[in-house]
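A.B. asks: Sequence plus the predicted model coming up.
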Amino acid sequence: MSDIAIAPPKTAGHGLKRAIERFPFLPALLILVVLLVLNGLYQPRSVSLVGITGLVKTYLALMLLAVAQTYVVYAGDIDLSAGAIVSLVNVSIITAMDALGGGTSAVLLGLGLGLLVGLACGIVNGIVVAALRLQAIVATFATSIFFTGLALYVLPVAGTPAPTAFWRTYGGRILDIPFVMYAAVLLAVLLLVLARTQLTTRLLAVGDDQQAAYQSGLPVTRIRITGYALAGLFAALAAFCITGDTASGDPLVGGKMTLNSVAAVVLGGTALAGGFGTVTGSVIGALIIGLIGSLVFFVGTPSEWQNLVQGVAILVALMVGILVSRGARR
Amino acid sequence: MARLVAKAVSKTYGATKALRRGDLEVEAGEVHVLIGSNGSGKSTLCKIVAGSVRPDSGELLLDGKPVTINDPQEAKTYGIGIFYQELSLAAHRTVAENILLSNLPGGVFVDRKQLVATASRYIALFDGVTGEGFSAGATVEALRPDQRQLVEIMKALSTEAPILIFDEPTSALDRAQVDRFFDILRRLKAEGRSIVFISHRMDEIFALGDRVTVIRDGETVATKRIDETDAAEVIRLMVGGESAGMETAARAPAANKAAAQTVLSVGNLSGVGFHNVSFDLAAGEILGLGGLHGQGQSAVLRALFGASPPSSGSVSLKGEPLDANSPRATIKRGVAYVSGDRRRDGVIAGRPILENVTPIHALKQRLALAAPSSLRDRAKPALEALRTKFAGFGHPISSLSGGNQQKIVIARWLIDRPDVLLLDDPTKGIDLSAKTDLFQLIRKLAAEGMAIVLYSSEDAELLGNADRILVFNGGGVTRELTGADRTAFNLYQAAYEAA
């Protein structure tokens, strides 16, 4: 009996394997460093404080949306409406701030409303997927159309500007340090705190094996809904950043971000099947996508070739990540 | 008053009656053994008590009060903890997280210190026998099967429930681990806890149990005090009163078998889940693989089919080596494989019957284009041989019953005759009349010279059809039953012996 239970002999590379098990984003971090170096070689200014600030300012929204996506993916689900939620929150807060006169209190009220809208969208997704048991990929695709429809109803045409106080703050500096840097630090703290919650562990347990989690006595449906709700909140935060960056309302602004957020999650080493991954990886994944975009530009790729090169570069990044983790796991 | 009573509990999945009438009565401070052959309904009964399966009918009483248990969460509040045979672990989480998964210490945040401290208390119970690499912080994925089983045991113990159910908790454990576990169970019993224990090992049952309840074909047949019974009586109860004796198999081996040509020869075959399996299979012979569920029988068949290639050993087909590294390769050499897991291995769901019956024909004949009418003509005789009932070739296969779906899957192999037919528990979840048709056909195919390997989780099917039976235990063949030795009693005894 006991002879079949003996594990295969452990091979070399054990330390690296352990490290990647604990920090699955290590391959992504490697790719990020390589991309930063390449960016620096082709455009030295891009790795200066100004360059990095610009990068963070532009891609903070995608980082947040990748984080949103991660919590859903943890539980083995997916949210194809993430970008649509961004659009809906964007037009909602723009419209509300505009209607309230655009002062400081209007901005704060607008942000509060934005969080509520994001949360509501997340809960709708959660109920549709976890309680009504529809396929996550199709159900959230359907809700994405629904949310986009709402966004178009709220603001049919792009263009209403954001209050000056809002985008000036987002793009400005406090104590000579760019505002987005504070936001980035705040995000890091928030993620660290969230990583220690019961919810994260439970989401991962559900994603690992839903049946096992149910049999262990976890409230699986409630946990999945909470995951979607959290994703909705982070999508709202992403919308705030986009609004600060573009300084205007656009009912279709988030559409393209959905699949970028999924790609960022995968680049960061999180398993789409659920149960395994880190939000840190997703943040790095979002930065990789951003840096690939700027590198393609800095290298001087003719504009008609930029999409093609960018696509190939993301594929290469995915492959490198997988090869590194696989090599270590052997 | 009994602490836990299950009265006439039943559960049906589709066409399968998993449990007809389950009765169980467990007192405080006793180890109550539940025993029955494969698929007799033990696990279903346990899952009903633990809330993860809802019964169709019947009653549950706790301390005399009727209760309804809707989900595992509720079972917990009623004080019922369970060890699941198939384990309920999250592979990427740590040992500590798994042990306390539904009861993580701390509020919104997990109290990591407390988590490790509490989990360590349960890990300490197995101090010295957990094996290399076992710690509170190890991920379950990195553990060996026996260590995972220990985690599941600790998880059940951590519920501190007054009623603890263990569904085959020792199948992967070594001697020292089992001994330690039994010491713990005896201590819990002394504390007054009720323990329901499922095991297939007779020695364990008599070492640990106070009473034993025997389930046969989904019905509770008897409850006995352990000190008033013996292994032979328990086996007789499991087999059934009327056939307890030395009834011989329905089928006598044909006289000319010895002279028949060897078709399949397997030498020292090893792979994941089985080791050193050797046998020769003659044309026209039906070789049965017996033993408890999951002792390597399916793994051997899948290895021979090339679905999960073996790690070492030799296989030759009609005298020439068979390189079993993909089903595509073995199919072309004349190997056929039919699995009881139709949804995974057989049926192409949602597609018409015609497409489901012809893929092997298309592969073997390298068909690129074919007229449906000619395919229908080829498929018809195969389907008729099985008495398949279907409305038309264009109907989706999902419109058929499980039995008829399986007939379609088998017919797909019969259009072009294979030399070797591997049957991997082919009658799982199909009705009685379809089973009868199926075995009639199998015997006819054997009579026509096909070599057949049959694994069945139902011993009656093996006894009624196989010329020889290899009994598997722990991944190896422990006994071969031939001729008059092929009795239900011998088969049970060989299967239930400690490995």
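C.D. replies: Yes, it's here. Since the structure is predicted, the reported quantities are computational estimates derived from the model, not experimental observations. Numbering: from 1, shown residues only, chains lettered A, B, ... in the order given.

A.B. asks: And for residue 76, the neighbour number?
C.D. replies: I went with chain A, as the question did not name one. 22 (other Cβ atoms under 10 Å in any protein chain shown). Just so you know, the C-beta spots here come from the backbone N, C-alpha and C atoms, and that holds for glycine as well.

A.B. asks: Let me rephrase: I mean chain B.
C.D. replies: The burial count assigned to residue B:76 is 20, neighbours taken as other Cβ under 10 Å.

A.B. asks: Tell me which helix or strand it sits in.
C.D. replies: Applying DSSP states H and E as the criterion places residue B:76 in helix B:72-77.

A.B. asks: So which elements touch that helix?
C.D. replies: If you count contacts as 3 or more Cβ pairs under 8 Å, 6 or more residues apart in numbering or on different chains; DSSP states H and E, helix B:72-77 packs onto no helix or strand.

A.B. asks: Distance from it to the middle of the chain?
C.D. replies: Here helix B:72-77 shows a centroid-to-chain-centroid distance of 27 Å under the convention Cα atoms, centre = their mean, to the nearest Å.

A.B. asks: so residue A:123 touches residue A:231, yeah?
C.D. replies: No. Counting by Cβ atoms under 8 Å, no contact exists between residue A:123 and residue A:231, whose distance comes to 10.3 Å.

A.B. asks: Tell me which of these two has more neighbours.
C.D. replies: For the pair residue A:123 and residue A:231, the greater number of neighbours falls to residue A:231 (33 against 15), based on other Cβ under 10 Å.

A.B. asks: nearest spatial neighbour of that one, skipping sequence neighbours?
C.D. replies: Excluding the flanking residues, the one nearest residue A:231 by Cβ to Cβ, 6 or more residues apart in numbering or on different chains is residue A:68, at 4.1 Å.

A.B. asks: Need the phi and psi values for the residue nearest the centre of chain B.
C.D. replies: Among the residues of chain B, residue B:293 comes closest to the average C-alpha position under Cα atoms, centre = their mean, at 3.5 Å. When quoted as degrees, to the nearest 10, the phi and psi of residue B:293 stand at phi -60, psi 140.

A.B. asks: from what I can see it touches residue B:458, true?
C.D. replies: No. Judged on Cβ under 8 Å, residue B:293 makes no contact with residue B:458 at a distance of 10.5 Å.

A.B. asks: Against residue B:347, how distant is residue B:409?
C.D. replies: Relative to residue B:347, residue B:409 is positioned 6 Å away (criterion: Cβ to Cβ, to the nearest Å).

A.B. asks: err, residue B:404, not the other one
C.D. replies: 11 Å.

A.B. asks: Could you check which of these two has the larger neighbour count?
C.D. replies: Set side by side, residue B:404 and residue B:347 give different neighbour counts by other Cβ under 10 Å, the larger being at residue B:404 (22 against 19).

A.B. asks: Tell me who's in contact with the more buried one.
C.D. replies: For residue B:404, the set of contacting residues under the criterion of Cβ atoms under 8 Å, 6 or more residues apart in numbering or on different chains consists of B:388, B:389, B:390, B:434.

A.B. asks: Which of those sits closest to residue A:247?
C.D. replies: Proximity of the contacts of residue B:404 to residue A:247, judged by Cβ to Cβ, is greatest for residue B:390, which lies at 65.8 Å.

A.B. asks: so when I look at that closest one, I'm seeing a strand, right?
C.D. replies: No. Assessed with DSSP: H, G, I helix; E, B strand; the rest coil, residue B:390 is coil; it does not lie in a strand.

A.B. asks: How about the least confident helix or strand in chain A by mean pLDDT, which residues are buried there?
C.D. replies: Counting by mean pLDDT, DSSP states H and E, chain A has its least confident helix or strand at helix A:14-22, which shows a mean of 72. In terms of neighbour count (16 or more other Cβ atoms under 10 Å in any protein chain shown), helix A:14-22 has its buried residues at A:17, A:20, A:21.

A.B. asks: Is it correct that the second one is in contact with residue A:30?
C.D. replies: No. With contact defined as Cβ under 8 Å, residue A:20 does not reach residue A:30; the gap is 10.7 Å.

A.B. asks: joint contacts of those two?
C.D. replies: residue A:324.

A.B. asks: can you list the residues of the stretch 151-300 of chain A near chain B?
C.D. replies: Within the stretch 151-300 of chain A, the positions near chain B by Cβ under 8 Å from any Cβ of the partner chain are A:193, A:196-199, A:201-202, A:204-205, A:208-209, A:211-219, A:275-276.

A.B. asks: Buried among these? Need that as a selection in PyMOL.
C.D. replies: A single PyMOL command is used to select the members of those judged buried by 16+ other Cβ under 10 Å:
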select buried, chain A and resi 197+198+199+201+202+204+205+208+209+212+213+214+215+216+217+218+219+275+276
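
A.B. asks: From the residues of the stretch 151-300 of chain A next to chain B, which land in strands?
C.D. replies: Among these, no member falls in strands (DSSP state E).

A.B. asks: before we move on, the earlier item: before we move on, which element is the residue nearest to residue A:231 in?
C.D. replies: Taking DSSP H and E as the criterion, residue A:68 maps to helix A:49-74.

A.B. asks: all helices for chain A, in order.
C.D. replies: Per DSSP state H, chain A carries helices over the ranges A:14-22, A:26-42, A:49-74, A:82-99, A:104-126, A:136-154, A:164-171, A:179-195, A:198-208, A:210-215, A:220-246, A:257-267, A:279-298, A:306-329.

A.B. asks: I figured residue B:164 hits residue B:191, correct?
C.D. replies: No. Here residue B:164 lies out of contact with residue B:191, judged by Cβ under 8 Å, at a distance of 10.8 Å.

A.B. asks: follow-up on the earlier one: report the angle between the helix holding residue A:68 and helix A:179-195.
C.D. replies: Note on geometry: by axes from the mean of the first three to the mean of the last three Cα atoms, to 10 degrees, helix A:49-74 and helix A:179-195 are set 30 degrees apart in direction.

A.B. asks: Buried residues, helix A:49-74. List them.
C.D. replies: Buried positions in helix A:49-74, judged by neighbour count with 16+ other Cβ under 10 Å: A:51-74.

A.B. asks: the strands in the stretch 151-300 of chain B, which residues?
C.D. replies: With DSSP state E, counting those that start in this stretch as the definition, the stretch 151-300 of chain B shows strands at residue ranges B:163-167, B:194-198, B:211-216, B:219-225, B:262-271, B:274-282, B:286-291.
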